[in-house]
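Participant: I'll drop the sequence and a predicted model, then ask my questions.
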Amino acid sequence: MSTQTEIKTYPVTHTDAEWKRLLTPEQYQVLRHHGTERPGSCALLREKRAGTFECAGCGQALFHGDTKFESGTGWPSFNVPLAGAVEATEDRSLGMVRTEVHCSRCGGHLGHVFPDGPPPTYERYCMNGVALNFVPD
């Protein structure tokens, strides 16, 4: 017996060669190949201005700056994404079960969400800073 996996089509799509041209090598590795940047390596970790964090792959707004908090993990963390901006899937890589977060517009891998954030959601969206762009208000 065989099963067929449904592949989602996103509003923003590119060939692999186009993604390589559009993204930096680090962005390509994280967004298109589920990579992870080194903790503490991204300048957005310290970004505190009012503004919006967007997907580096397609420019979709993902998080308001006022939902960002210091988690002590070494990656930018947020507790509330913008409505409809992200989607989640089960990630069973590395011998554990986690919830992967990706952009709902281009499918780019952003990071993972964990149930140890602050109120009101108690969620921690632990994002790769290289997968984000910041646009100040």
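Facilitator: Structure's in. What do you need? Residues are numbered from 1 along each chain as shown.

Participant: Tell me which residues of the lowest-mean-pLDDT helix or strand in the chain come out buried.
Facilitator: Within the chain, no helix or strand scores below strand 86-91, which has a mean of 90 by mean pLDDT, DSSP states H and E. Under the neighbour-count criterion of 16 or more other Cβ atoms under 10 Å, strand 86-91 has 86, 87, 91 buried. For glycine as for every other residue, the C-beta is placed from the backbone atoms N, C-alpha and C.

Participant: And that strand, how far out from the chain middle?
Facilitator: 10 Å (Cα atoms, centre = their mean, to the nearest Å).

Participant: contact partners of stretch 10-17?
Facilitator: Taking Cβ atoms under 8 Å, 6 or more residues apart in numbering as the criterion, the residues outside stretch 10-17 that touch it are 22, 32, 57, 58, 60, 103, 104, 105, 106, 107.

Participant: secondary structure element for the most centrally placed residue in the chain?
Facilitator: Here the mean C-alpha position of the chain is nearest to the C-alpha of residue 110 (Cα atoms, centre = their mean), at a distance of 1.8 Å. Secondary structure assignment for residue 110, by DSSP states H and E: strand 109-114.

Participant: May I have the strands that pair with that strand, each with its orientation?
Facilitator: Paired with strand 109-114 in the same sheet, following DSSP bridges, are strand 98-103 (antiparallel), strand 124-127 (antiparallel).

Participant: circling back to that earlier point, in the contacts of stretch 10-17, find the pair that's most separated.
Facilitator: Greatest spatial distance in the contacts of stretch 10-17: 22 and 104, 18.4 Å, computed using Cβ to Cβ.

Participant: More neighbours: these two, which one.
Facilitator: Set residue 22 next to residue 104 and count neighbours by other Cβ atoms under 10 Å: residue 104 wins out with 21 against 14.

Participant: From residue 93, how far off is the closest residue to that one other than its chain neighbours?
Facilitator: Of all residues beyond its chain neighbours, the one nearest residue 104 is residue 87 (4.8 Å), with distances taken as Cβ to Cβ, 6 or more residues apart in numbering. Spatial separation of residue 87 from residue 93 under the definition Cβ to Cβ, to the nearest Å is 17 Å.
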